[in-house]
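Visitor: Quick one: sequence plus predicted model below, questions after.
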Amino acid sequence: MTLKNRVVMSAMDTCYFSFNGTLTEQAEKLGGQMQLAGLPPHKQTILKVMNWFAAEVERVGVKPQLNTVVDDVYIEAVKPDVVLLAIGSEPSRPPVEGIETAVDGWNILQDIENLPENREIVIIGGGTVGCEIAHTLIEKNNHINIVEMMSSLSMNQNMVHRQHNQKVLDDADANICLNARVQKVEPNKVTYLAEDGEIQTIDCDLVICATGQRPKDVEWVGNLRSEGIEAYTLGDATATGNFQTATRSAMDVVMAL
Ligand SMILES: Cc1cc2nc3c(=O)[nH]c(=O)nc-3n(C[C@H](O)[C@H](O)[C@H](O)COP(=O)(O)OP(=O)(O)OC[C@H]3O[C@@H](n4cnc5c(N)ncnc54)[C@H](O)[C@@H]3O)c2cc1C
């Protein structure tokens with residue numbers, strides 16, 4: 001790669017090319033969502049992989065600019081030829097009354113040293129993230145309720161993981177409400193439309209929202225292009241996915257440059 005001046009914003013990007021640019025990260029360390037993914041029980045290996053990625057970035061000679069938020073002002077100052085936006089995804093919430101009162105699932109993991117204990121907790125969303133937060137909280141003797149609109153938990157995971165999920169939840173006597181649509185969220189109560197068409201409520205101490213993610217700043221790449229800058233999105237910034245889809249999409253874009 002001999003591009004004069006490139007900016008990459010990312011945690012999981014590929015640096016195995018002659019890199020003549022800048023890797024910029026707003027956080028104080030590389031890793032992005034891997035830092036959260038490696039926190040739940042039995043997932044610490046991910047933190048080792050994350051540290052390996054970060055070490056590889058250094059090993060191939062890239063000196064990341066940490067604690068640096070890239071925005072339009074930064075772009076204007078640096079005037080890059082190419083911008084690779086690997087800015088990831090952010091939690092999204094459905095338009096449900098009171099949903100803003102729920103605590104974000106990412107916040108629970110980010111504050112893992114201060115997890116609630118011995119509480120009655122409702123998790124809205126039983127995808128991978130919701131289930132992993134449930135596992136994390138079960139270890140602190142919390143009783144878990146999951147309200148999930150699909151017919152099964154963690155639909156995107158393979159069968160082995162799903163069976164493991166189910167066993168942990170069964171052993172903890174968790175209350176799993178499938179085909180259930182949340183209607184209203186209050187700080188100590190969740191109201192939902194149950195599978196049988198009845199309106200049900202769960203009283204609780206804490207409501208956690210884990211209803212998925214959406215790509216961050218979706219319009220930014222278009223704005224950059226309209227200013228004549230060659231710009232691409234990579235990884236979750238293109239479509240919310242996983243480690244494999246993120247690294248694969250990064251590779252595809254970089255190979256095509
Ligand atoms: C709790 C949890 C568990 C998960 N478990 C798994 C799993 O087991 N297996 C799996 O395959 N996937 C898992 N995932 C998904 C996986 O982590 C993501 O798909 C992957 O990290 C996406 O990588 P990315 O580099 O595209 O985005 P991210 O990891 O989100 O990285 C984006 C980076 O860009 C930085 N950034 C954003 N905006 C700016 C800006 N303006 N300037 C500078 N920097 C910026 C962010 O700080 C961040 O570090 C999990 C996700 C979560 C939240």
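Guide: Structure received. Not measured: the values here are computed from a predicted model.
Visitor: Could you count how many residues lie near the residue in the stretch 51-200 of the chain positioned nearest to the ligand?
Guide: The minimum distance from the stretch 51-200 of the chain to the ligand, using Cβ to the nearest ligand atom, falls at G88 (2.1 Å). To be clear about C-beta, it is placed using only N, CA and C from the backbone, and glycine gets the same treatment. By other Cβ atoms under 10 Å, the residues close to G88 number 21.
Visitor: just checking, it touches L234?
Guide: No. Counting by Cβ atoms under 8 Å, G88 sits too far from L234 to count as a contact (9.4 Å).
Visitor: follow-up on the earlier one: any idea how far the residue of the stretch 51-200 of the chain closest to the ligand lies from V168?
Guide: Distance, G88 to V168, using Cβ to Cβ, to the nearest Å: 27 Å.
Visitor: next one: D236
Guide: 26 Å.
Visitor: which of these two has more neighbours?
Guide: Neighbour totals were compared for D236 and V168, and D236 leads with 26 against 19 (other Cβ under 10 Å).
Visitor: ok, now which ones touch that one?
Guide: Under the criterion of Cβ atoms under 8 Å, 6 or more residues apart in numbering, the neighbours of D236 are Q33, G88, S89, Q213, P215, K216, A246.
Visitor: Confirm for me that the first one is in contact with G88.
Guide: In this case it means Q33. Yes. Using Cβ under 8 Å, Q33 is in contact with G88, at 6.2 Å.
Visitor: can you give me the helices for the stretch 1-150 of the chain?
Guide: Secondary structure of the stretch 1-150 of the chain, counting by DSSP state H, counting those that start in this stretch: helices at 34-37, 45-59, 72-78, 105-110, 128-138.
Visitor: can I get those helices in JSON lines with distance to the ligand?
Guide: Shown next, in JSON lines, are the helices of the stretch 1-150 of the chain (distance: least, Cβ to the nearest ligand atom, whole Å):
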{"stretch": "helix 34-37", "distance to the ligand": "3"}
{"stretch": "helix 45-59", "distance to the ligand": "6"}
{"stretch": "helix 72-78", "distance to the ligand": "8"}
{"stretch": "helix 105-110", "distance to the ligand": "6"}
{"stretch": "helix 128-138", "distance to the ligand": "5"}
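Visitor: Quick check: which of the ones you listed is nearest to E186?
Guide: E186 sits nearest to helix 105-110 of all these, at 18.2 Å, using Cβ to Cβ.
Visitor: Please spell out which residues along the closest one are buried.
Guide: Buried residues in helix 105-110, counted by 16 or more other Cβ atoms under 10 Å: G105, W106, I108, L109.
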